[in-house]
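*Asks:* pasted the sequence and its predicted model underneath.
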Amino acid sequence: MSHFISRWLVLTIAAGVMVALLPGMEAVGEPPILGIAAFSLFLALINASIKPVVHLLALPISILSFGLFALILNWLFMELASWLALTLFDVGVIIHGFWWSVLGSLIMAIVSSIVGNVIGE
């Protein structure tokens with residue numbers, strides 16, 4: 001359980017950086033960190049549960065498309081996390097398009113690896 005909480009903290013920091021840097025990402029909630037934390041919670045749950053299975057099942061398509069299908073899956077997972085947070089808690093992160101999601105995924109991956117290495121995850 002502590003590993004999941006630390007992963008959620010890392011994703012919350014990464015999502016905060018993503019929202020701060022990208023004009024195509026908008027935090028909804030008062031204060032905005034609440035929306036970012038809810039979005040990160042659902043993203044952590046998705047990453048821990050269904051993402052590995054879906055990526056494994058989609059591996060042949062990803063290989064044939066030279067990894068471009070993985071971008072579509074990441075976009076769908078970010079949209080799902082955003083939709084769940086906004087629907088269940090009325091806070092979250094609004095993503096204004098596919099390419100903002102791709103840039104957001106890239107920023108979140110870089111920041112997550114840096115923060116994860118700093119805190120020793």
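*Replies:* All right, it came through fine. Numbers count the residues shown, from 1 in each chain.
*Asks:* for Ile114, see how far away the residue nearest to Ala48 when sequence neighbours are not counted is.
*Replies:* The shortest distance from Ala48 to any non-neighbouring residue, by CB to CB, 6 or more residues apart in numbering, is to Phe4 (6.7 Å). (Each C-beta comes from the backbone N, C-alpha and C, glycine too.) When distance is defined by CB to CB, to the nearest Å, Phe4 is 20 Å away from Ile114.
*Asks:* which parts of this protein are strands?
*Replies:* Residue ranges of the strands in the chain, as given by DSSP state E, are 25-28, 92-95.
*Asks:* could these go into CSV alongside mean neighbour count?
*Replies:* Converted to CSV, these look like this (neighbours: other CB atoms under 10 Å):
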stretch, mean neighbour count
strand 25-28, 20
strand 92-95, 23
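*Asks:* quick one, which of those strands is nearest to Ala48?
*Replies:* strand 92-95 (18.5 Å; CB to CB).
*Asks:* got the contact list for the closest one?
*Replies:* Contact with strand 92-95 is made by 15, 19, 24-29, 35-36, 38-39, 78-79, 81-86, 101, 104, as judged by CB atoms under 8 Å, 6 or more residues apart in numbering.
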